[in-house]
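J.: sequence and predicted model, in that order:
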Amino acid sequence: MTRAFNTRLVFRTQGALLQMEALFMGIATLVSLLYDEPDTEAFAISTLLTMVAGLAGLRFGRHAPSRTGEREGYLIVALVWLVFSLFGMLPFYLSGATDSLTDAFFETMAGFTTTGATVIRNVESMTHGILIWRALCQWLGGLGIIVLCVAILPMFGLGGMQLYAAEVTGVNYEKISPRIADTAKLMWVVYLLLTAAEFGILWAFGMDPFDSACHSMSTIATGGFSTKNMSLMDYSPAIQYTVAVFMLLSGINFSLLILALLRKPQRLWNDEETHWYMAAVGIFTVLISAGLFIFNGQWSLEAGEEAFRHGFFMVTAAITSTGYAVTDYMEWHVVLWVILFFLMFTGASSGSTSGGIKWVRLAIIFKNSHAEFKRRIHPNAIIPVKLNGKPVPAKTINNVVAFMIIYVLVIIITVVAFCACGLGFDEAIGTTVSAIGNVGISIGSYGPTGTYADFPTAAKWIMTLVMLIGRLEIFTVLLLFTPALWKK
């Protein structure tokens, strides 16, 4: 028997979340007002419209049953990213920061999904209100809109487990406390602490307080929106190292960071995915730094430091899917930027703010492939795949294999679609990997110094969908088109 769909709960959740979005939009309005900028009215209107829509959703969803099944959970999670982007684009469009509704929606989706791709040609010409709104979009989307929802929505009488499970990245998740809402609150506390810490350090190293705030929010979200056209290329080495370190920290599973702060650091030190992630950063930093040092042909201590800094920063930016850059890597030897391109696929750790496949999935694939060789030699032996000393359930392995297959299929379909829109193959595949991995930086003319302003209109809409699919890790979006979900 099919259970009635809880429509009112969907409206109530969307309404509550729109109220939250209006609150953050109000912050951008105050910033615009503080700097006496011409887009204050656009922000005020956008905030009012968002608030009214949220109140309408809450009113329609009154007396909704609190049960949240799989159907409601997946629909709420997918819808909230679309609804947030639809209302979040209002300041961009009404203020004239973007030229069209397409560009406004693209910029907003790139913000909330922390992709960091932009259609704005001259970022430095933007007002403080627009710049802080771009940073806030990434900051809200980094840890997850639903994670914040779960942390604060008990006051609205909404359940959180189904929503949390539908949005969290990786193949599993860990509850730090018995109540999932308490886990979400702890994650946001760590998120806030990291943001505040980076802000203070950047400011101390000479970055303007406003730019420090914007870059801190974008870094911890592993988003990559900068207040400068050249990203971080013109900043001091101290600032570049600071951002690189905080990108690295943001690529770690936030649950493990919480446990480390709760005096259980052994959980972090002993985690295999963290080992894979850190090893990848270390190995590829050495490879690229050595390559830069050799290919540049400048044999000095200063050249060696610069090669290491650029290598470490760009490896960390690529693997954590943060769209920052400290150099135009398209000018590197082709072998070096191909390595970066590979890292765009991987992502960092599950439960972090990064995009990509995640190293836990890659570890399971590698371990299962290795075990398969042993099974071929010893067909009667039971050889389990182990992670952190525990056998990985067959269900999890099947999930990972299915994810990888669909991930590749989405890439192939998107590349074909982009080529049909007029893009060359190199740019099509680079942009596709950038979109589905929420990386932001790409190759070719859409590399670290380019924008998507001249991207074909149809391709922009395709890319926004792929960004959303990548951020919600494929299943949450594609399951909505599966008849079996609705026939339950």
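T.: Here it is on my side, so go on.

J.: can you tell me which residues contact residue 59?
T.: Neighbouring residues of residue 59 by CB atoms under 8 Å, 6 or more residues apart in numbering: residue 15. Just so you know, the C-beta spots here come from the backbone N, C-alpha and C atoms, and that holds for glycine as well.

J.: can I get the strand or helix carrying it in CSV, CA atoms only?
T.: Using DSSP states H and E, the element containing residue 59 is helix 40-60. The C-alpha coordinates for helix 40-60 follow below in CSV (Å, rounded to 0.1, in the frame of the first residue of the first chain):
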residue,chain,number,x,y,z
THR,A,40,20.9,48.3,-1.3
GLU,A,41,17.3,48.5,-2.7
ALA,A,42,17.8,45.4,-4.8
PHE,A,43,19.0,43.5,-1.7
ALA,A,44,16.1,44.8,0.4
ILE,A,45,13.5,43.7,-2.2
SER,A,46,15.2,40.3,-2.6
THR,A,47,15.2,39.8,1.2
LEU,A,48,11.5,40.8,1.5
LEU,A,49,10.5,38.5,-1.3
THR,A,50,12.4,35.6,0.2
MET,A,51,10.9,36.2,3.6
VAL,A,52,7.3,36.4,2.2
ALA,A,53,7.8,33.2,0.3
GLY,A,54,9.1,31.5,3.4
LEU,A,55,6.1,32.7,5.5
ALA,A,56,3.8,31.4,2.7
GLY,A,57,5.5,28.0,2.9
LEU,A,58,5.2,27.9,6.7
ARG,A,59,1.6,28.8,6.6
PHE,A,60,0.7,26.2,4.0
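
J.: and the next element down the chain from it?
T.: Once helix 40-60 ends, the next helix or strand along the chain (criterion: DSSP H and E) is helix 70-88.

J.: number of residues surrounding residue 22?
T.: Look at residue 22: counted by other CB atoms under 10 Å, it has 21 neighbours.

J.: could you give the mean pLDDT of the helix holding residue 59?
T.: With pLDDT averaged residue by residue, helix 40-60 scores 95.

J.: next, the buried residues of that helix.
T.: Of the residues in helix 40-60, 40, 42-44, 46-47, 49-51, 53-54, 57-58 count as buried by neighbour count, 16 or more other CB atoms under 10 Å.

J.: stretch 80-98 now?
T.: 80-95, 97-98.

J.: now swap in stretch 377-396 and tell me
T.: For stretch 377-396, by 16+ other CB under 10 Å, it's 385, 387, 392, 396.

J.: could you list every residue that touches the closest residue to the third one other than its chain neighbours?
T.: Computed as CB to CB, 6 or more residues apart in numbering, the closest residue to residue 392 that is not its neighbour in sequence is residue 385, at 4.5 Å. Residues near residue 385 by CB under 8 Å, 6+ apart: 364, 367-368, 371, 391-392, 397.

J.: residue 121 reaches residue 451, doesn't it?
T.: Yes. The criterion here is CB atoms under 8 Å, and residue 121 meets it with residue 451 at 5.6 Å.

J.: of these two, which one has the most company?
T.: For residue 121 and residue 451, the more surrounded residue by other CB under 10 Å is residue 451, and the numbers stand at 16 against 13.

J.: now that one: how far from residue 122?
T.: Look at residue 451 and residue 122: by CB to CB, to the nearest Å, they are 9 Å apart.

J.: adding pLDDT and secondary structure, write the buried residues of stretch 377-396 out as TSV.
T.: Compiled in TSV, the buried residues of stretch 377-396 are given as follows (pLDDT from 0 to 100; DSSP: H, G, I helix; E, B strand; the rest coil):
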residue	pLDDT	secondary structure
385	90	coil
387	90	strand
392	90	coil
396	89	helix
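
J.: what bits of the stretch 101-250 of the chain have low per-residue confidence?
T.: By pLDDT under 70, the low-scoring segments of the stretch 101-250 of the chain are 146, 149-180.

J.: can you give me the helices in it?
T.: 101-112, 128-143, 145-152, 161-167, 180-204, 209-220, 237-250 (DSSP state H, counting those that start in this stretch).

J.: right, and those helices - which one's nearest residue 325?
T.: Residue 325 lies closest to helix 237-250 among these, at 10.2 Å (CB to CB).

J.: list the buried residues for the closest one?
T.: Buried residues in helix 237-250 (16+ other CB under 10 Å): 239-250.

J.: any residues touching that helix, and which ones?
T.: Outside helix 237-250, the residues touching it (CB under 8 Å, 6+ apart) are 142, 194, 197-198, 201-202, 205-207, 215-216, 219-222, 232, 257, 281, 305, 309, 312-313, 316-317, 320, 322, 324, 326, 348, 352-354.

J.: let's see it at 6 Å
T.: Defining contact as CB atoms under 6 Å, 6 or more residues apart in numbering, one finds that helix 237-250 is touched by 198, 201, 205, 207, 219-220, 222, 232, 309, 312-313, 316, 320, 322, 326, 353.

J.: spatially central, which residue of this structure would that be?
T.: residue 114 (4.0 Å; CA atoms, centre = their mean).
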